[in-house]
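Chemist: Okay, here's the prediction I keep looking at, along with the sequence it came from:
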Amino acid sequence: MKVNIEIDCTPLEARQFFGLPDVAPMQTAVMEKLQQQVLSNIEKVSPESLIQSWFTFDPKLAERFQDMFVAMAGLGGTRSGDKKK
């Protein structure tokens with residue numbers, strides 16, 4: 001014997017029927033806080049700020065990046081002032 005019962009209700013109605021708590025206010029609060037954090041940190045991940053933070057701690061880092069891109073592109077070897085070891 002097989003019995004199928006089909007219940008047509010919303011998720012909110014199902015949670016209320018089973019006595020589960022309404023988590024919508026908590027979800028809304030968490031999403032608002034997450035949105036505030038993302039918006040406040042968006043400037044930290046802009047391309048300009050990332051490049052600036054990468055190049056601030058080593059003055060020769062820009063030259064190393066340039067050498068790396070030239071080597072990856074296959075446009076040449078080292079600069080004339082550099083010596084191979």
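Modeler: Cool, the structure landed. Numbering: from 1, shown residues only.

Chemist: what pLDDT, on average, does the longest helix along the chain get?
Modeler: Ranked by residue count under DSSP state H, the longest helix found in the chain is helix 24-41. Mean pLDDT, computed over helix 24-41, is 91.

Chemist: so how far is it off the chain centroid?
Modeler: 15 Å (CA atoms, centre = their mean, to the nearest Å).

Chemist: Next secondary structure after it?
Modeler: helix 47-56 (DSSP states H and E).

Chemist: Need the contact partners of that next one.
Modeler: With contact meaning CB atoms under 8 Å, 6 or more residues apart in numbering, helix 47-56 is reached by 43, 61, 62. (Each C-beta comes from the backbone N, C-alpha and C, glycine too.)

Chemist: among those residues, which ones are buried?
Modeler: Not one of the contacts of helix 47-56 meets the buried threshold, by 16 or more other CB atoms under 10 Å.

Chemist: Of these, just say which sits nearest to residue 27.
Modeler: Closest approach between the contacts of helix 47-56 and residue 27, by CB to CB: residue 43, at 26.9 Å.

Chemist: before we move on, which element is the spatially closest residue to residue 24 that is not a sequence neighbour in?
Modeler: Spatial nearest neighbour of residue 24, chain neighbours left out: residue 12 (7.8 Å); criterion: CB to CB, 6 or more residues apart in numbering. Residue 12 is part of helix 11-18, with elements assigned from DSSP H and E.

Chemist: now that helix against helix 24-41, angle please.
Modeler: 130 degrees (axes from the mean of the first three to the mean of the last three CA atoms, to 10 degrees).

Chemist: Only alpha carbons, please: show the lowest-mean-pLDDT helix or strand in the chain as PDB.
Modeler: Least confident element among the helices and strands of the chain, by mean pLDDT, DSSP states H and E: helix 47-56 (a mean of 72). Once non-C-alpha atoms are left out, helix 47-56 reads as follows in PDB (Å, rounded to 0.1, in the frame of the first residue of the first chain):
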ATOM      1  CA  PRO A  47      43.500  47.500  -8.800                       C
ATOM      2  CA  GLU A  48      45.200  50.800  -8.000                       C
ATOM      3  CA  SER A  49      45.300  50.200  -4.200                       C
ATOM      4  CA  LEU A  50      46.600  46.600  -4.800                       C
ATOM      5  CA  ILE A  51      49.400  47.700  -7.100                       C
ATOM      6  CA  GLN A  52      50.300  50.500  -4.600                       C
ATOM      7  CA  SER A  53      50.400  48.200  -1.700                       C
ATOM      8  CA  TRP A  54      52.500  45.700  -3.600                       C
ATOM      9  CA  PHE A  55      55.100  48.200  -4.700                       C
ATOM     10  CA  THR A  56      55.500  50.100  -1.400                       C
END
